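**Q** sequence and predicted model, in that order:
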Amino acid sequence: MIVELPWPAALLSSNARPHHMAKARAVKTARTLAWWRCRAERIPVLPAQTLPVTITFHPPDNRRRDRHNCQDQVKAYIDGIAEAVGIDDFHWRIDWAWGDNAPSGKVVFTLRPIAVNVPFRGTIG
């Protein structure tokens, strides 16, 4: 399952020093966008388990980026997706990757749920 999101707002950078309300609005917008994008992609609510996730950054330009700062910038996206799929991000195994540049920049989340065995308990009448 793949969720593509736009490059995160500069206000979400750990190096930014915006007013706390401006940052709160940016976080809420990013989190809500991630949640709605999961709904648009029809990503189901998954059973509670460990969720392997690959987060691939496609920056908008060739500037060098601080990898840890980029990880901080997508925290609101992670929270929105975690809420949409029903698995707390504590249970995610995240692999970070860098892709080619994209015209406006984007962040691609690849969710690979682990198969869950459900015991057979009979038939439904």
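**A** Yes, it's here. Numbering: from 1, shown residues only.
**Q** what part of this structure, helix or strand, is modelled with the least confidence?
**A** helix 67-73 (a mean of 86; mean pLDDT, DSSP states H and E).
**Q** how distant is that helix from the center of its chain?
**A** 12 Å (Cα atoms, centre = their mean, to the nearest Å).
**Q** ditto for stretch 98-113
**A** When C-alpha coordinates are averaged (Cα atoms, centre = their mean), stretch 98-113 and its chain have centres 10 Å apart.
**Q** what's the answer for stretch 34-52, then?
**A** 10 Å.
**Q** before we move on, what about stretch 108-122?
**A** 19 Å.
**Q** spit out the contact partners of the closest residue to residue 8 other than its chain neighbours.
**A** Nearest-residue entry for residue 8: residue 73, 3.9 Å, with adjacent residues in sequence omitted and distances by Cβ to Cβ, 6 or more residues apart in numbering. C-betas here are computed from N, CA, C, even on glycine. Counting by Cβ atoms under 8 Å, 6 or more residues apart in numbering, residue 73 makes contact with 8-9, 12-14.
**Q** thank you kindly, that will do.
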